[in-house]
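> Have a look; sequence and predicted model below, questions after that.
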Amino acid sequence: MTDALAELAQRLQETAERLRAGELDPDAVLAAIEECAGLAGEASAQVDERVRAALEPLPDLPGQLPLPAP
């Protein structure tokens, strides 16, 4: 996991722990839920970006020969 994803996961976990503790007033609960949704969306976008980058073939670079087929 990358540093950015690890940080997002940590922030999600901390926010979820605050929600579970029951120490937040209703307005703070709504803000925490919105924060979790935003963080989850951000993490999802980063994972999706990395998966797409891993699946896309590398461009042919000038001067490089293709590898022989096995």
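Structure's in. What do you need?

> Name the residues that touch the helix or strand harbouring A9?
Remark: A9 resides in helix 3-21, with elements defined by DSSP states H and E. Here helix 3-21 makes contact (C-beta atoms under 8 Å, 6 or more residues apart in numbering) with 1, 24, 29, 32-33, 35-36, 39-40, 42-43, 46-47. Using the backbone N, CA and C atoms, a C-beta is placed for each residue, glycine as well.

> just how off-centre is it within its chain?
A distance of 12 Å separates the centroid of the chain from that of helix 3-21, by C-alpha atoms, centre = their mean, to the nearest Å.

> Of all the residues in that helix, which ones are buried?
For helix 3-21, the buried set under the neighbour-count rule, 16 or more other C-beta atoms under 10 Å, comprises 8, 11-12, 15, 18-19.

> could those be laid out in JSON lines, adding pLDDT?
Output for the buried residues of helix 3-21, formatted as JSON lines (pLDDT from 0 to 100):
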{"residue": "L8", "pLDDT": "79"}
{"residue": "R11", "pLDDT": "82"}
{"residue": "L12", "pLDDT": "80"}
{"residue": "T15", "pLDDT": "82"}
{"residue": "R18", "pLDDT": "83"}
{"residue": "L19", "pLDDT": "82"}
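
> What count of nearby residues applies to D25?
When neighbours are defined as other C-beta atoms under 10 Å, D25 has 8 of them.

> rewinding a little: with just CA atoms, put the helix holding A9 into PDB.
In PDB, the C-alpha atoms belonging to helix 3-21 read as follows (Å, rounded to 0.1, in the frame of the first residue of the first chain):
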ATOM      1  CA  ASP A   3       1.800   6.200   1.700                       C
ATOM      2  CA  ALA A   4      -1.200   8.100   0.400                       C
ATOM      3  CA  LEU A   5      -3.500   5.100   0.700                       C
ATOM      4  CA  ALA A   6      -2.100   4.200   4.100                       C
ATOM      5  CA  GLU A   7      -2.800   7.800   5.300                       C
ATOM      6  CA  LEU A   8      -6.400   7.600   3.900                       C
ATOM      7  CA  ALA A   9      -6.900   4.300   5.600                       C
ATOM      8  CA  GLN A  10      -5.600   5.600   8.900                       C
ATOM      9  CA  ARG A  11      -7.900   8.700   8.700                       C
ATOM     10  CA  LEU A  12     -10.900   6.500   7.900                       C
ATOM     11  CA  GLN A  13     -10.100   4.200  10.800                       C
ATOM     12  CA  GLU A  14      -9.700   7.100  13.200                       C
ATOM     13  CA  THR A  15     -13.000   8.700  12.100                       C
ATOM     14  CA  ALA A  16     -14.800   5.300  12.400                       C
ATOM     15  CA  GLU A  17     -13.400   4.900  15.900                       C
ATOM     16  CA  ARG A  18     -14.800   8.300  16.900                       C
ATOM     17  CA  LEU A  19     -18.200   7.300  15.500                       C
ATOM     18  CA  ARG A  20     -18.100   4.000  17.400                       C
ATOM     19  CA  ALA A  21     -17.100   5.700  20.700                       C
END
